[in-house]
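# Model the following, please.
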Amino acid sequence: MRNVKLISITHTDLDGVGSSSLYIRNTKPESYKVIFVEPYQLLKAVKSIAKSDESFDELVITDIGPNASTIKEVERALEKISREKGARIRWFDHHIWNNEWKDDLIKQGVDLRVDENHCATEIVYRNLNTDDIFSYMLSKSVCSADLWIFNDWAAPFLVRFVGNGRGKKWLEYVHSIFVKSPSFETLIEASKNKAVEVFDREIELMGFYREKAEDINIEGIKLTFVFKSHNDLSTSMLAQYLMSVRNSDIVVVVDKRGKYEFRSKKCNVREIAFKLGGGGHPEASGAPLPSFLTLLMKMKLYGLAIDLAKKKLLNTVKEVSCIPFNVIKKEI
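Next up is the predicted model:
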């Protein structure tokens, strides 16, 4: 049985890497393990930890929001971890939460910190009360990229360094660089070559996907739909680019690894993602493809999978329609 002091469950993007690494840099556990997941994989991760014979002192979840269909099972798994393993559980997030979920987790002893106005890395930074200059600069840069403001000079380097869906080994590598870099300048220096490489590839692929993207009018909503088969292109970069050049209300990217990604500056795409078993932010959300479509993707039956994914998507968009951000926020 391996005895680690801390287990970190975090998202697969820059904010996930940033929030987890910042926590570890500042708390300095003797040993740790990082588990990278998409939000819809959270239940599987906590169940696996609850069933394992691994002993640890602390479980930290960062940049992952709960899903309505699984939150009760997540609560039960976390309660089991706390009761049987005696582990402290902390959760830092910036996605939209139901107040009942918050109350239930806090009642069972989870140290929960949720703030929709900041990225997860900044929430960790604020709650640790550290005066570490590296942590301050990292939180500033990560929020600049994650909230899509890009008002920080280092943000473009870091978001391209971490990338989008490059796999577990790459995420573990960049996470270790974030943890071990002696200074923020050292981190940026380590990111530069990869960032330039990624930027060159972005330019090459943007034109390709601009030609492939399809514009669809759904009851007055201009939706741009595209199937992305390149893992080395950021979904966020692609979606924002298409939204700009196509003047779209909603951009939907279907990733061959089995997920929908939604972006909008007008419609609350979280509500669409929610209907499809996912979640996220009003302007940026995601959802898993049904398992049989993921299987078709793995079998490389892309044409059939894309057609079925599009049909399910369009039916959901018709059902939800375009709900402005301010309407949802007032209701919550």
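
# hang on, V320 packs against A273?
No. When contacts are counted by C-beta atoms under 8 Å, V320 is not listed as touching A273 (9.6 Å). For every residue, glycine as well, the C-beta is placed using N, CA and C.

# More neighbours: which of those two?
Per other C-beta atoms under 10 Å, whichever of V320 and A273 has more neighbours is A273, with 29 against 19.

# Listing request: residues of the stretch 51-200 of the chain with sub-threshold pLDDT.
164-165 (pLDDT under 70).

# And the helices in it, which stretches?
In the stretch 51-200 of the chain, the helices defined using DSSP state H, counting those that start in this stretch lie at 71-85, 99-107, 120-128, 133-146, 155-162, 168-180, 184-212.

# I35: which of those helices is closest?
helix 168-180 (9.1 Å; C-beta to C-beta).

# Pull out the buried residues from the closest one.
W170, L171, V174, H175, I177, F178, V179 (16 or more other C-beta atoms under 10 Å).

# Stretch 270-288 too?
Result for stretch 270-288 [16+ other C-beta under 10 Å]: buried residues 270-274, 276-288.

# Could you tell me which strands sit next to the longest strand along the chain in the sheet, and their orientation?
Looking across the chain with DSSP state E, the single longest strand is strand 221-228. Using DSSP bridges, the strands paired with strand 221-228 are strand 214-218 (antiparallel), strand 250-255 (parallel).

# next one: the last one to chain centre, how far?
In terms of C-alpha atoms, centre = their mean, to the nearest Å, the centre of strand 250-255 is found 15 Å from the chain centre.

# do stretch 113-129 as well
With C-alpha atoms, centre = their mean, you get 15 Å for stretch 113-129.

# from now on call the first residue 27
That works, and once the first residue is 27, the last one we named lands at stretch 139-155.

# can you list contacts of it?
With contact meaning C-beta atoms under 8 Å, 6 or more residues apart in numbering, stretch 139-155 is reached by 37, 41-42, 44-45, 48-49, 52-53, 88-89, 116-123, 128, 161-162, 164-166, 168-169, 172-173.

# Please report the distance of E309 from F351.
7 Å (C-beta to C-beta, to the nearest Å).

# and for those two, which residues touch both?
With C-beta under 8 Å, 6+ apart, E309 and F351 have common neighbours N294.

# Closest one of the buried residues of helix 194-206 to A180?
Of these, the one sitting nearest to A180 (C-beta to C-beta) turns out to be F204, at 12.3 Å.

# So for the closest one, what's the nearest residue that isn't a sequence neighbour?
Residue nearest to F204 in three dimensions, not counting chain neighbours: S47, with 3.6 Å by C-beta to C-beta, 6 or more residues apart in numbering.

# what's the helix or strand containing that neighbour packed up against?
Taking DSSP states H and E as the criterion, S47 maps to helix 40-53. Here helix 40-53 touches strand 32-36, strand 58-62, strand 84-88, helix 146-154, helix 159-172, helix 181-188, helix 194-206, going by 3 or more C-beta pairs under 8 Å, 6 or more residues apart in numbering; DSSP states H and E.

# Tabulate those (a markdown table), appending distance to V136.
Formatted as a markdown table, the helices and strands packed on helix 40-53 follow (distance: least, C-beta to C-beta, whole Å):
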| stretch | distance to V136 |
| --- | --- |
| strand 32-36 | 13 |
| strand 58-62 | 17 |
| strand 84-88 | 9 |
| helix 146-154 | 14 |
| helix 159-172 | 22 |
| helix 181-188 | 27 |
| helix 194-206 | 23 |
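
# Report pLDDT for the nearest residue to I242 once chain neighbours are set aside.
Nearest residue to I242, sequence neighbours excluded (C-beta to C-beta, 6+ apart): L249, at 4.8 Å. Looking at L249, its pLDDT is 97.

# now swap in V30 and tell me
69.

# Could you do the one 3 residues further on as well?
pLDDT for I33: 98.

# and the nearest residue to G135 once chain neighbours are set aside, how many neighbours?
Nearest non-adjacent residue to G135, counting by C-beta to C-beta, 6+ apart: S108, 5.9 Å away. Neighbours of S108 under the rule other C-beta under 10 Å: 17.

# Done for today, thanks.
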